[in-house]
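Colleague: got a predicted structure here, sequence first:
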Amino acid sequence: MVPSILIVDDEKHSREGLREALSDNYDVSLAANADEAFNLMDAQPFEVILTDLRMPGKSGLKVIDRALALPNRPAVLMMTAYGNIETAVEAMKRGAVDFLTKPVNIERLEVLIQRALKTRTLEVEVKQLHERLDEKFSFDHIIGHSAPLKAVVDKVRLVAPSRATILIEGESGTGKELIAQAIHQVSPRTRAPFIAVHCAALSESLLESEIFGHEKGSFTGATERRVGRFESADGGTLFLDEIGEISASTQVKLLRFLETRSIERVGGSKPIDLDVRLVAATNRTLEQLVKEGKFREDLFFRLNVVRITMPPLRDRAEDIPLLLAHFIRIFAAENGLPPLTLDPGAVQTLQRYPWPGNIRELRNFCENAVVMHRGKSLSEYDLEPKFRGAVAGPAVDGAPAPLANPLSVAENEKRLLREALIKSRGNRTKAATLMGISRRTLHRKLVEWPELDVTD
């Protein structure tokens, strides 16, 4: 598509000459004054606007203001026969990307137009990226309607606009980084960087340099100065995952930042003031680490200004059908496959499973099911044995706790019948043989429990 340019100049021969010079490569429109330019800008979008500075009525600075107030902002170039440093500075302050003096050098103008088009393309891409991030990490994309998840979302809405330090706790795979991203995206810092550091993935020496940066020669191999993640996140949010794994020396430096809002690079002595919002996450109990002498109590209190606890998936059983549908749709689209349908029995079975790996485990299950399963639907008979007969409940060392009350005789019988039907893949005769009952008795049981009924 040919780029569109609007030329605004009160001198007819000047604007006509520019159109003749540029029309081979661009779709050129002309305006004799600011008002005509305003009407054209309202009627159609332009990629570049080239405007004179001094014109009867409204000046070119007004054209800049109007152009940059449009939803799809064009790149603006200023030209004038009265060029001076003060005028150029004012035009650039208003948002012009560059400045030319008359008579205009056409070769230089074409170079500046190409540069302006590249600048505008980058701005559009950045805007689209932010829009995608806003959508991806919006509350609408936090999947679920369970009470524990709603409590988390409500707390995020309250704390996001503030400057408060946040501690997110929860088991691995519960979505702590997703919540940290959501906090950043709905905060006033949304257009500034979100920087994530996974503390357990780095050694003690590397982690300290990674977070705080280092000066040249501060240690063997430090051949040049390095800016750390704190400085990279200035104005935005720094997310420190698995904060319970950091060393004692790093804890001291982190405490200093929370107290002074400044850091020092490794090997440096000059404080660097920063505006960074800190969000930390842990899958360990920091209070216990404090008792064991592995984590500073004063740092814990500094981090624990606002605490958000992510619920494990076993406490969000009503969210599992929504999560299954969400991830299956995503992986089907990624692999160019039709969405896989889960039978009601499969969904119910997966809801009973305790999901020790939480959402991460469920996500992996969905990807495997979409890629590996043959057929358009998946039933409970297609599930791995670990999913069948599971009863969700509070976990102890990663395993579901036993039921508080023993099953009734009827519940035991129903459970055995389900297992027999699963092993026989729905064949009633084989299921009756496995149960040690007649087919007629099995039929009577299925009339009593129609949810188990499977046609041969």
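Modeller: Yep, that arrived.
Colleague: please parse this protein into its domains.
Modeller: With domains defined by automatic domain parsing, the chain comprises 4-132, 139-311, 315-402, 405-456.
Colleague: JSON lines for those, including mean neighbour count?
Modeller: C-beta here means a position set from N, CA and C on the backbone, and glycine is covered the same way. Shown next, in JSON lines, are those (neighbours: other CB atoms under 10 Å):
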{"stretch": "domain 4-132", "mean neighbour count": "17"}
{"stretch": "domain 139-311", "mean neighbour count": "17"}
{"stretch": "domain 315-402", "mean neighbour count": "16"}
{"stretch": "domain 405-456", "mean neighbour count": "14"}
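Colleague: turn these into TSV, including mean pLDDT.
Modeller: Shown next, in TSV, are the domains of the chain (pLDDT from 0 to 100):
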stretch	mean pLDDT
domain 4-132	84
domain 139-311	92
domain 315-402	83
domain 405-456	73
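Colleague: what segments of the stretch 251-400 of the chain are strands?
Modeller: 262-263, 272-273, 277-282, 306-309, 341-342, 377-378, 395-396, 399-400 (DSSP state E, counting those that start in this stretch).
Colleague: actually the stretch 101-250 of the chain, sorry about that
Modeller: According to DSSP E, counting those that start in this stretch, the strands that the stretch 101-250 of the chain contains are 166-169, 194-198, 237-241.
Colleague: just the helices in the stretch 51-200 of the chain please.
Modeller: Along the stretch 51-200 of the chain, counting by DSSP state H, counting those that start in this stretch, helices occupy 60-67, 85-94, 106-136, 147-159, 176-185.
Colleague: to Ala431, which of these lies closest?
Modeller: helix 147-159 (37.9 Å; CB to CB).
Colleague: packing partners for that closest one?
Modeller: The criterion is 3 or more CB pairs under 8 Å, 6 or more residues apart in numbering; DSSP states H and E, and the helices and strands that helix 147-159 contacts are helix 176-185, strand 306-309.
Colleague: what does it contact?
Modeller: With contact meaning CB atoms under 8 Å, 6 or more residues apart in numbering, helix 147-159 is reached by 139, 142, 166, 179, 182-183, 186, 306, 308-311, 315-316, 319.
Colleague: in those residues, find the pair that's most separated.
Modeller: Val186 and Asp315 (24.5 Å).
Colleague: picking that back up, and the strands of the stretch 251-400 of the chain as JSON lines, adding distance to Thr121?
Modeller: Shown next, in JSON lines, are the strands of the stretch 251-400 of the chain (distance: least, CB to CB, whole Å):
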{"stretch": "strand 262-263", "distance to Thr121": "36"}
{"stretch": "strand 272-273", "distance to Thr121": "34"}
{"stretch": "strand 277-282", "distance to Thr121": "31"}
{"stretch": "strand 306-309", "distance to Thr121": "39"}
{"stretch": "strand 341-342", "distance to Thr121": "42"}
{"stretch": "strand 377-378", "distance to Thr121": "44"}
{"stretch": "strand 395-396", "distance to Thr121": "51"}
{"stretch": "strand 399-400", "distance to Thr121": "54"}
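Colleague: mind putting the helices and strands packed on helix 147-159 into TSV with distance to Pro338?
Modeller: Output for the helices and strands packed on helix 147-159, formatted as TSV (distance: least, CB to CB, whole Å):
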stretch	distance to Pro338
helix 176-185	27
strand 306-309	38
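Colleague: Asn335: which of these is closest?
Modeller: Nearest of those (CB to CB): helix 176-185, 22.5 Å.
Colleague: how far does that closest one sit from the chain's center?
Modeller: How far helix 176-185 lies from its chain's middle: 7 Å, per CA atoms, centre = their mean, to the nearest Å.
Colleague: then stretch 306-323?
Modeller: For stretch 306-323, the distance to the chain centre is 18 Å (CA atoms, centre = their mean).
Colleague: what's the answer for stretch 416-436, then?
Modeller: 46 Å.
Colleague: touching, Arg54 and Met79? I think so.
Modeller: No. The criterion here is CB atoms under 8 Å, and Arg54 misses it with Met79 at 10.3 Å.
Colleague: which one of the contacts of helix 147-159 sits closest to Ala248?
Modeller: Nearest to Ala248, judged by CB to CB, of the contacts of helix 147-159 is Ile166 at 22.9 Å.
Colleague: how about the residue lying closest to Leu289 once chain neighbours are set aside, phi and psi?
Modeller: Excluding the flanking residues, the one nearest Leu289 by CB to CB, 6 or more residues apart in numbering is Phe295, at 3.8 Å. Recorded main-chain torsions at Phe295 are phi -140, psi 140, according to degrees, to the nearest 10.
Colleague: mind checking how far Phe295 is from Glu242?
Modeller: Note on Phe295: its distance to Glu242, by CB to CB, to the nearest Å, is 12 Å.
Colleague: how about Met310?
Modeller: Distance from Met310 to Glu242, counting by CB to CB: 14 Å.
Colleague: and what of Leu417?
Modeller: Applying CB to CB to Leu417 and Glu242 gives a distance of 45 Å.
Colleague: go on, Val8?
Modeller: Val8 sits 57 Å away from Glu242 when distances are taken as CB to CB.
Colleague: can you check Ile422 too?
Modeller: As judged by CB to CB, Ile422 and Glu242 stand 39 Å apart.
Colleague: Val305 too?
Modeller: Using CB to CB, which is the criterion applied here, Val305 is 19 Å from Glu242.
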